[in-house]
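Asks: predicted model, plus sequence, below.
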There are 2 protein chains.
Amino acid sequence: MRVVLDAMGGDHAPAVNIEGAVETVGESDDIEVILVGNESAIRKELKGRKFRSGSITVVHASQVVEMHESPTVAIRKKRDSSIRVGIGLVKAGKADAFVSAGHSGVVMGTSLLLLGMSEGVDRPAIATLMPTIRDTFILLDAGATVDCKPENLQQFALMGSIYCKLILDRTKPKVGLLSIGEEDTKGNELTKEAFKLIRQSRLNFIGNIEGKDIFTGRADVVVCDGFIGNIALKISEGLAEAILKMLKQEIANVVAGRLGYLLLKPAIKNFKKRTDYDEFGGAPLLGINGTSIISHGRSSSKAIKNALRVANDFARKKVYEAISAAIQADLHAREA
Amino acid sequence: MRVVLDAMGGDHAPAVNIEGAVETVGESDDIEVILVGNESAIRKELKGRKFRSGSITVVHASQVVEMHESPTVAIRKKRDSSIRVGIGLVKAGKADAFVSAGHSGVVMGTSLLLLGMSEGVDRPAIATLMPTIRDTFILLDAGATVDCKPENLQQFALMGSIYCKLILDRTKPKVGLLSIGEEDTKGNELTKEAFKLIRQSRLNFIGNIEGKDIFTGRADVVVCDGFIGNIALKISEGLAEAILKMLKQEIANVVAGRLGYLLLKPAIKNFKKRTDYDEFGGAPLLGINGTSIISHGRSSSKAIKNALRVANDFARKKVYEAISAAIQADLHAREA
């Protein structure tokens, strides 16, 4: 597959982006990376690095979207940004997927504008992978659609299930609706209506799931609106950081603690790996005609590499086509 | 102050409740505890325990609300439950505050029914204390009002500020609105409107606060609707548990880890203490005419003790009267 990487997106761009790209093509034969951005900056970073001939190509884009820019203004005015040129390559059929650690609002808006929504999809969702004590789960929407209708949540449930089946290879993904109690009468107006709709669809719906249960692995897919999903994601990031900081403070207060910490270092490192977003490789924007992956602004080269792998997987397994087909089949079934 | 304790509420009632009550009156002279529930069960637990004469009294209630019961049915039918009888004592002026680790929906509903909303308050909020890397913050609403209007969030901001000032002794509490970006244009329809209202009020409003920042101590009071607040609270509880579990798993995988864990035990114990809801002593229901404190169902005797202390503090410092006065002053200021 041909995956476009926004060479200019992210806090450590372009250096880590190009490092991630070079490592990716070194490890996998089935992926080509198209680097989009300031050509001379990219060539400078590529200089001296070794990679298979033809496995990395460069496409110039003269503009860069900065993180503080207004999405609407940036989308309208920066027609030659690395984001727009990159997604344009997917749109033109010259690439199979797009990855960016840049301005997520602009990546989302430009993906919607150029690639368009899949037929029958009402609103898109960002699907993000999170850790459980055993494995992982998919949370969606993590911020694409902040004000949702019940129908949106029902479609998110469907889209998340397909992602889970095709990419995580789980046969009957358990779908939970994030709410404030397990009973179907618990929730707000939105989730109570969504509950009824999801129950009608042919999904492995386990009902409401409470916040305290999402990390136990009870559900493979956790559905919520984009406002709550984004807050849930950020709270988890913030709390994981705070807990490690508090533990370190407590350790510093205990004499034997420093020795204990040294002995525990490998365990803490492994733990960090399990909870580190770098490992999860970016969040796909679901519901659009194409593959567009949003990576964390703080992405390291490892995060970029994982995002490229996820993008390659999504394109190869035709996830967006499967979602589009499932949504249309679902709509027909509802009409019948 | 005279504080009513629901002796029958919680997973470990009545034993831990009575233990908590006895410890409380042993430590503080300024508090009397009225135990409400099955008198013979209470007397049995009290037998052999030592406490100041008159510091603990017992009031019989023949019914107990079970955790699985429907709140509406329980409130209507169980007229002699420990919750109803207990709140009735506050209503009748025979007690100054009420504490229960029982069915939170029934505690909330009965408090509203018997004590009523404060004049000018549109909807109530449960205010819960959560840890930061430095100290604590107040999150509200944690589940009383799941579908909110912007005006509700504005009143929550005001109520949380007064709680913070009077109970936590912070002079100019920093109030943040939980949202998905710091700019005032970020949020959903509800928070964007609430932002404008809170900005107009005479609070130390720091604007939107993201989920990742709530544990850093940037805000003393974090405002959100009851659906999101409950999910945020439960996610935090669930994640903290999952992180400790994951750390233990990783530690078990490392040879030196077990020794390291032993050396770290005091640090981990202190850390748990900092994040343990037992330490925070229950969440007050704000916006009503009286003091009603909701404790966690899993409350230990320590949690009960802390909840009694919080209830005593709220009653002594006349928090609900201060909230009522502030809400009315705010409404007058808006009309003017």
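Replies: Thanks, I have the structure now.
Asks: identify the residue nearest residue A:69 in space, chain neighbours excluded?
Replies: Nearest non-adjacent residue to residue A:69, counting by CB to CB, 6 or more residues apart in numbering or on different chains: residue A:103, 6.5 Å away. To be clear about C-beta, it is placed using only N, CA and C from the backbone, and glycine gets the same treatment.
Asks: got the contact list for the one you found?
Replies: By CB atoms under 8 Å, 6 or more residues apart in numbering or on different chains, residue A:103 lies in contact with A:9, A:65-67, A:69, A:71, A:74, A:83.
Asks: just the pLDDT at it, thanks.
Replies: pLDDT for residue A:103: 95.
Asks: same check, this time on residue A:298
Replies: pLDDT, residue A:298: 86.
Asks: same question, residue A:31
Replies: Per-residue confidence (pLDDT) for residue A:31: 97.
Asks: quick one: it from residue A:292, how far?
Replies: 16 Å (CB to CB, to the nearest Å).
Asks: again, but for residue A:131
Replies: In this view, residue A:131 and residue A:292 are 24 Å apart by CB to CB.
Asks: check residue A:24 too.
Replies: Distance of residue A:24 to residue A:292, computed by CB to CB: 17 Å.
Asks: more crowded one of the two?
Replies: residue A:292 (32 against 26; other CB atoms under 10 Å in any protein chain shown).
Asks: now that one: phi and psi?
Replies: phi -130, psi 120 (degrees, to the nearest 10).
Asks: chain neighbours aside, what residue packs nearest to it?
Replies: Spatial nearest neighbour of residue A:292, excluding adjacent residues (CB to CB, 6+ apart): residue A:111 at 4.1 Å.
Asks: ok, the residue minimising distance to the centre of chain A to chain B distance?
Replies: Nearest to the geometric centre of chain A sits residue A:283, at 0.4 Å (CA atoms, centre = their mean). Residue A:283 sits 14 Å away from chain B, going by CB to the nearest CB, to the nearest Å.
Asks: who does the closest residue in space to that residue that isn't next to it in sequence form a beta bridge with?
Replies: Spatial nearest neighbour of residue A:283, chain neighbours left out: residue A:128 (4.1 Å); criterion: CB to CB, 6+ apart. The bridge-partner assignment for residue A:128, based on DSSP bridges, gives residue A:139.
Asks: got the CA coordinates for the helix or strand hosting residue A:84 in PDB?
Replies: In this assignment (DSSP states H and E), residue A:84 forms part of helix A:82-91. The C-alpha coordinates for helix A:82-91 follow below in PDB (Å, rounded to 0.1, in the frame of the first residue of the first chain):
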ATOM      1  CA  SER A  82       1.200  19.400   3.600                       C
ATOM      2  CA  ILE A  83      -2.200  18.200   5.000                       C
ATOM      3  CA  ARG A  84      -4.200  19.300   2.000                       C
ATOM      4  CA  VAL A  85      -1.700  18.100  -0.600                       C
ATOM      5  CA  GLY A  86      -1.300  14.800   1.200                       C
ATOM      6  CA  ILE A  87      -5.100  14.100   1.400                       C
ATOM      7  CA  GLY A  88      -5.300  15.300  -2.200                       C
ATOM      8  CA  LEU A  89      -3.100  12.400  -3.200                       C
ATOM      9  CA  VAL A  90      -5.500   9.900  -1.600                       C
ATOM     10  CA  LYS A  91      -8.400  11.700  -3.300                       C
END
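Asks: quick one on the thing from earlier: any idea which of the contacts of residue A:103 is closest to residue B:334?
Replies: Among these, residue A:71 lies closest to residue B:334 (CB to CB), at 33.8 Å.
Asks: quick one, phi/psi of the closest one?
Replies: When read as degrees, to the nearest 10, the backbone of residue A:71 gives phi -60, psi -50.
Asks: and the pLDDT at it?
Replies: The score at residue A:71 is 91. That number is its pLDDT.
Asks: so where does the residue lying closest to it once chain neighbours are set aside fall, helix or strand?
Replies: Closest residue to residue A:71 apart from its sequence neighbours, by CB to CB, 6+ apart: residue A:105 at 3.7 Å. Using DSSP H and E, the element containing residue A:105 is helix A:104-115.
Asks: so which elements touch the next helix-or-strand element following that helix?
Replies: Sequence order places strand A:125-126 as the next helix or strand after helix A:104-115, per DSSP H and E. Contacts defined by 3 or more CB pairs under 8 Å, 6 or more residues apart in numbering or on different chains; DSSP states H and E place strand A:125-126 against helix A:150-168, helix A:226-252, strand A:283-286.
Asks: list the strands paired with the last one, with their directions.
Replies: Paired neighbours of strand A:283-286 in the sheet (DSSP bridges): strand A:125-126 (antiparallel), strand A:292-294 (antiparallel).
Asks: can you redo the ones you listed as a markdown table with mean pLDDT?
Replies: Below are the strands paired with strand A:283-286 laid out as a markdown table (pLDDT from 0 to 100):
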| stretch | mean pLDDT |
| --- | --- |
| strand A:125-126 | 98 |
| strand A:292-294 | 97 |
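Asks: can I get these in CSV with distance to residue A:172?
Replies: Output for the strands paired with strand A:283-286, formatted as CSV (distance: least, CB to CB, whole Å):
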stretch, distance to residue A:172
strand A:125-126, 21
strand A:292-294, 25
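Asks: looking at the ones you listed, which is closest to residue A:215?
Replies: The closest of the strands paired with strand A:283-286 to residue A:215 is strand A:125-126. By CB to CB, the value is 19.5 Å.
Asks: which ones are touching residue A:57?
Replies: Going by CB under 8 Å, 6+ apart, residue A:57 touches A:32-35.
Asks: wait, I meant residue A:328
Replies: Counted by CB under 8 Å, 6+ apart, residue A:328 has contacts A:119-120.
Asks: quick check: pLDDT value at it.
Replies: Among the per-residue scores, residue A:328 shows a pLDDT of 94.
Asks: that's a helix at it, yeah?
Replies: Yes. Residue A:328: assigned to a helix according to DSSP: H, G, I helix; E, B strand; the rest coil.
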